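[1] missing the sequence, but the structure's below:
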């Protein structure tokens with residue numbers, strides 16, 4: 001007789017079952033993936049925060065701002081979803097459809113990509 005990988009209860013049913021219930025299956029998989037899930041949650045949280053900051057500072061489609069204003073709102077420059085290189089050699093950093101380009105000094109051009 002096989003036992004559940006999570007709670008060691010007897011398994012009734014198909015021969016290839018590994019868990020006695022959906023709850024045990026979910027609990028077991030959550031324990032295994034805990035570290036990965038926490039890392040992904042932390043990164044996704046930072047991406048959402050960056051997106052909110054860019055959306056708040058750039059409600060239309062284009063606007064200039066400063067590094068200080070971005071940092072004061074909690075923006076983290078190391079977290080973005082993709083890059084876009086222009087023919088002129090400029091690199092735009094995007095968080096989903098909200099992007100920014102560093103200009104001179106500590107000035108940034110905020111842009112919104114239309115889908």
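    That came through, no problem. Source: prediction; values computed, not measured. Numbering: from 1, shown residues only.

[2] any regions of this structure where pLDDT drops low?
    115 (pLDDT under 70).

[3] strands of that one, residue ranges please.
    In the chain, the strands defined using DSSP state E lie at 62-66, 82-85, 91-95, 98-102, 107-112.

[4] of all those strands, which lies closest to residue 47?
    strand 91-95 (5.9 Å; C-beta to C-beta). Every residue, glycine included, has its C-beta placed from N, CA and C.

[5] so what strands line up beside the closest one?
    strand 82-85 (antiparallel), strand 98-102 (antiparallel) (DSSP bridges).

[6] can you give the distance of the first one from its chain's centre?
    Between the mean C-alpha point of strand 82-85 and the mean C-alpha point of its chain there is a distance of 17 Å (C-alpha atoms, centre = their mean, to the nearest Å).

[7] contacts for that strand?
    Strand 82-85 is touched from outside by 91-94, 99, with contacts defined as C-beta atoms under 8 Å, 6 or more residues apart in numbering.

[8] most packed of the strands of the chain?
    Using mean count of other C-beta atoms under 10 Å, the stretch among the strands of the chain with the largest mean neighbour count is strand 98-102, at a mean of 20.

[9] can you check what angle separates that strand from strand 107-112?
    160 degrees (axes from the mean of the first three to the mean of the last three C-alpha atoms, to 10 degrees).
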